[in-house]
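**Q** what shape does this take:
(chains A and B)
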Amino acid sequence: MAATSSPRVRFAPAPSGWLHVGSVRTALFNWLHARRHGGTFIFRIEDTDAERATEESMNSMLEAWTWLGLDWDEGVRIGGPYGPYRQSERGDLHRAVARRLEEAGHLYRDDRTAEETQAWRDERREAGLPPITKRSTTPAATGDRPATLRLALPEEGTITVTDLVRGEVTWDWAHESDPVLVRSDGSPTYPLANTTDDVAQGVTLVCRGEDLLSVTPRQIFLYDLLTRDGLIDDALEECGLPPRDPSWTHPTEFAHLSMIVGMDRKKLSKRHGSVAIQEFERQGFLPETLINYISLLGWAPGDGRERMDRDEIVEAFAFDNVGKAAAAFDVDKLTAFNGERIRDLSEAELAVRLLPFLDGTFGDALVTSPPSHEQQSRLEGLVPLVQERMQRLDEVQTYAPAFFVDDIELDPTSVEKVLHKAGAADALEAAHRALSALEDWSDAGVEQTLRGLLEELEMGARKVFQPVRVAVSGSSVSPPLFESVALLPRQLVLDRIEAAIQVAREGAV
RNA sequence: GCCCCCAUCGUCCAGCGGCCUAGGAUUCCACCCUUUCAAGGUGGCGACACGGGUUCGAAUCCCGUUGGGGGUGCCA
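**A** Residues are numbered from 1 along each chain as shown, chains lettered A, B, ... in the order given. As a prediction, the model looks like this:
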């Protein structure tokens, strides 16, 4: 059937905390697979744990995903034909499914409290026995206290899953503990909700983190129960939810992605610097850099390409070339990629991207929001001067003050190293005189004038240009000198040189 | 403890039995360019975890060891 050839995949995060790089990698690979094969990418929110799920977290995840320039075809906010897409709004369905499963004899009641179960597990472990809960060894519920509903998994035999990245993996049912599907308070758990929704929404391929690999056997077992005898369809109808497409079965393909770790091979965490996507935005990483870099964590197109845009990645993506080993997140390489991408931007585009780092959105406000005409043209003049010396957009903040603030502070080290050296005051006085008289206030004009000083003073370029650089930019490290001078108003440049002459004289005494 | 997964330069990947004296990227170092810092160019350092097999031949296949990771929840 034609309908089944079009994949349906989902990204289904639990909304607690921020979206971080590990989740983005999982979501991205799902998205890539959908786009590569003309499929559907579903953004579902799994907020069954009322204790941890927050609205704020959900919103920030959606924002981060959007910032990355990615979209979704069905899901929260935009809806779709198989909603709702927030699990908390599908509780009726999950309960209806549980009731039918129980009626069919697949579930059993376990009325031990969480504490009792935990104590039992500890005992088993101490005795060197596996703490596996099975129907045959669980004491019958008495009926007079709240009980959980557990799914009765097979007691023996094996199950083999063919994973797209891991190959064949086999488990022994005897080692699989019966999962709780319904808590003693009647609320559905992840194993129930996740599985039910995958089936109800026609998911064809499940791509997620390796941490969920061990959960796959019970999930497949459940998929089977749900689709057998139209159980899911009856439950859907009972709850007044949209029916499934008749061609759907249940997820048949799995892809478990390895973890992303820090450079120390430990689980990625705050200790490794940024993990939240918004943090990268704030630091001046381009969304396209993140997409490119993250796509290369555990995957490569196979032809040696590394710098790729989104469409190129979509075209080359395949689970066949996804690696099994955990990948370390290398900020240095990400940063190098980012620098290259910044250089690839047009000057106009870079100016737009730089604005949030100048208007106070991120960091100090050096320009008004929106910028004045004067500020805008100054920015446009600044862009070509800084473009090739930035790895991250936020670095513009080290260069920008000299161009947007009248009073600059002179860097003490630069003063010491440059202004307090013999000849500095002479060079500055000569520069002041020459620039005062300059008629053509342009890159070429300034260059010609300042170069002319070299012969006149019989001094080396370094001896002449460095003092002027410190005077005008405030530091011995700055964008190109002539262009910087030409970009500023003459009077401002002359004032700065004059101020620097005072400093140079003081140091010489 | 038990179950499962993983293992090529510091890091990310290529390699899928002979093309490998192991290739690219990144990092680091050197040199060139240069008025600073960059960018750019050139070159260099740097890895098949270990031990057994299989084979004419192994980074590639099998077994074991070691080392990492995940799971073992009324979290997801």
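**Q** where does the stretch 201-350 of chain A get nearest to RNA strand B, which residue?
**A** A:A300 (2.7 Å; Cβ to the nearest atom of the strand). Backbone N, C-alpha and C define where each C-beta goes, glycine included.
**Q** show me what contacts that residue?
**A** Applying Cβ atoms under 8 Å, 6 or more residues apart in numbering to A:A300 gives the contacts A:E306, A:N321.
**Q** go with 7 Å
**A** By Cβ atoms under 7 Å, 6 or more residues apart in numbering, the residues touching A:A300 are A:N321.
**Q** look up phi and psi at it.
**A** Note on A:A300: its backbone torsions stand at phi -150, psi 150 [degrees, to the nearest 10].
**Q** separation between it and A:F329?
**A** According to Cβ to Cβ, to the nearest Å, A:A300 and A:F329 sit 16 Å apart.
**Q** how about A:A276?
**A** 13 Å.
**Q** more neighbours: these two, which one.
**A** Comparing A:A276 with A:F329 by other Cβ atoms under 10 Å, the one with more neighbours is A:F329, at 21 against 16.
**Q** kindly report the residues of the stretch 351-500 of chain A close to RNA strand B.
**A** Counting by Cβ under 7 Å from any atom of the strand, the residues of the stretch 351-500 of chain A close to RNA strand B are A:388-391, A:447, A:461-462, A:465-466, A:469, A:476-482.
**Q** cutoff 6 Å now
**A** Along the stretch 351-500 of chain A, the residues adjacent to RNA strand B under the rule Cβ under 6 Å from any atom of the strand are A:388-389, A:461-462, A:465-466, A:469, A:476-478, A:480-482.
**Q** got a PyMOL select line for the buried ones in the residues you listed?
**A** Buried residues within those, by 16 or more other Cβ atoms under 10 Å, are selected in PyMOL with:
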select buried, chain A and resi 389+465+466+469+476+478+480+481+482
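**Q** so can I have a markdown table of the residues of the stretch 351-500 of chain A next to RNA strand B showing secondary structure and pLDDT?
**A** Converted to a markdown table, those look like this (DSSP: H, G, I helix; E, B strand; the rest coil; pLDDT from 0 to 100):
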| residue | secondary structure | pLDDT |
| --- | --- | --- |
| A:E388 | helix | 95 |
| A:R389 | helix | 94 |
| A:A461 | helix | 91 |
| A:R462 | helix | 92 |
| A:F465 | helix | 95 |
| A:Q466 | helix | 95 |
| A:R469 | helix | 96 |
| A:S476 | coil | 93 |
| A:V477 | coil | 94 |
| A:S478 | coil | 94 |
| A:P480 | coil | 96 |
| A:L481 | helix | 96 |
| A:F482 | helix | 96 |
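**Q** please report how far the residue in chain A sticking out farthest from the centre lies from A:E429.
**A** Centroid-distance maximum for chain A: A:E456 at 56.4 Å, with Cα atoms, centre = their mean. Using Cβ to Cβ, A:E456 is found at 12 Å from A:E429.
**Q** over to A:F403?
**A** Distance, A:F403 to A:E429, using Cβ to Cβ: 24 Å.
**Q** ok, the two, which is more surrounded?
**A** Ranked by neighbour count (other Cβ under 10 Å), A:F403 and A:E429 place A:F403 first, with 24 against 17.
**Q** please enumerate the helices of the stretch 101-250 of chain A.
**A** If you assign secondary structure with DSSP state H, counting those that start in this stretch, the helices in the stretch 101-250 of chain A sit at A:114-126, A:190-200, A:216-227, A:231-238.
**Q** contacting residues for A:A400?
**A** Shown in contact with A:A400 (Cβ under 7 Å, 6+ apart): A:L358, A:L366.
**Q** and it, how far from RNA strand B?
**A** Separation of A:A400 from RNA strand B (Cβ to the nearest atom of the strand, to the nearest Å): 14 Å.
**Q** phi first, then psi, for that residue.
**A** The phi/psi pair for A:A400 (degrees, to the nearest 10) is phi -60, psi -40.
**Q** reformat the residues of the stretch 351-500 of chain A next to RNA strand B as TSV; add distance to A:A235.
**A** Shown next, in TSV, are those (distance: Cβ to Cβ, whole Å):
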residue	distance to A:A235
A:E388	61
A:R389	61
A:A461	81
A:R462	80
A:F465	78
A:Q466	77
A:R469	74
A:S476	72
A:V477	67
A:S478	68
A:P480	69
A:L481	74
A:F482	74
